[in-house]
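**Q** Sharing a sequence plus its predicted fold:
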Amino acid sequence: MDNDNQLHIKGLQMDWSKIDQGSYLWDIEAIAGMERLYFENPITFFVGENGSGKSTLLEAIAIAYGFNPEGGTKNYSFSTRESHSQLYSAMRLIKGIHKPGWGYFLRAESFYNVATADEEYAKEGGVNHFYHEKSHGESFLAMAQENFKQNGVYLLDEPEAALSPQRQLTLLMEIDRCAREESQFFIVTHSPILLGMPGAQILTFDEGRVHPCEYEDTDSYRITEMFINNREALLRRLLDDHK
């Protein structure tokens, strides 16, 4: 199966007339006024500086697709704080011909709330994954290993936040395995390890627009490479300038 036929979400179109003129969304340069965006690969990374709109767009895609704003599967329905933007209300997803059988929306900042909801659902007959009894990193990886299945849609917001470099490699292998089994991933990340996924589409939100970017041109790669290769000189210059 080629990539185009495999994609569950092929792109999106926006109707900005549905966004309030006073909304802060108009101040996010990379996405303000965006009319459409297309995806070319089962694995798409969103990269860019903090505040560039990556997580805002990922969240909108997740909600438009039917996920709970705070994360979890489509079966999760709870709210601890209404903090999501109205971007999803102006978004129309362009879906593929195949219907996915599973999916998950992971938000690093609200995973604690998802883990708590998981315990509550278990009391009603669901499966308790005991995320609160694991370390933060262990619970993240357990979530991936228990929920990443073939023919699914997965949206991950900074999944590396709780993972060691070694566990990031494990996550990378899990993502690759599922992508080969007709699953699709959208991932916001700053991890040069995850971004190294062969063949993935990388979209950067820097320079005021969302556009394709090569791995070696991402800030995550360039700054990490510069630090490793010139650590002493770089730190000397930074710290001396700070005095």
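**A** Perfect, thanks for sending it. Numbers count the residues shown, from 1 in each chain.

**Q** what's the following helix or strand after the helix or strand of the chain with the lowest mean pLDDT?
**A** Least confident helix or strand, the chain: helix 111-123 with a mean of 50, by mean pLDDT, DSSP states H and E. Using DSSP states H and E, the helix or strand that follows helix 111-123 in sequence is helix 136-147.

**Q** Can you tell me the strand partners of the helix or strand just after that next one and which way each runs?
**A** Toward the C-terminus, helix 136-147 is succeeded by strand 152-157 as the next helix or strand (DSSP H and E). The strands beside strand 152-157 in its sheet (DSSP bridges) come out as strand 102-107 (parallel), strand 184-188 (parallel).

**Q** so what does the following helix or strand past strand 152-157 touch, helix or strand wise?
**A** Going down the chain from strand 152-157, the next helix or strand is helix 165-179, by DSSP H and E. Counting contacts by 3 or more Cβ pairs under 8 Å, 6 or more residues apart in numbering; DSSP states H and E, helix 165-179 is packed against strand 43-47, helix 136-147, strand 152-157, strand 184-188. C-beta: built from backbone N, CA, C; applies to glycine.

**Q** With just CA atoms, put helix 165-179 into CSV.
**A** Below are the C-alpha coordinates for helix 165-179, written out as CSV (Å, rounded to 0.1, in the frame of the first residue of the first chain):
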residue,chain,number,x,y,z
PRO,A,165,17.4,8.7,25.4
GLN,A,166,17.3,4.9,25.6
ARG,A,167,13.5,4.9,26.1
GLN,A,168,13.1,7.4,23.2
LEU,A,169,14.8,4.8,21.0
THR,A,170,12.3,2.2,22.2
LEU,A,171,9.4,4.6,21.4
LEU,A,172,10.9,5.2,18.0
MET,A,173,10.8,1.5,17.3
GLU,A,174,7.2,1.2,18.5
ILE,A,175,6.2,4.1,16.2
ASP,A,176,8.0,2.6,13.2
ARG,A,177,6.4,-0.8,13.9
CYS,A,178,2.9,0.6,13.9
ALA,A,179,3.5,2.9,10.9
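
**Q** could we number from 165 for the rest of this?
**A** Done: numbering now begins at 165, and the last item shifts to helix 329-343.
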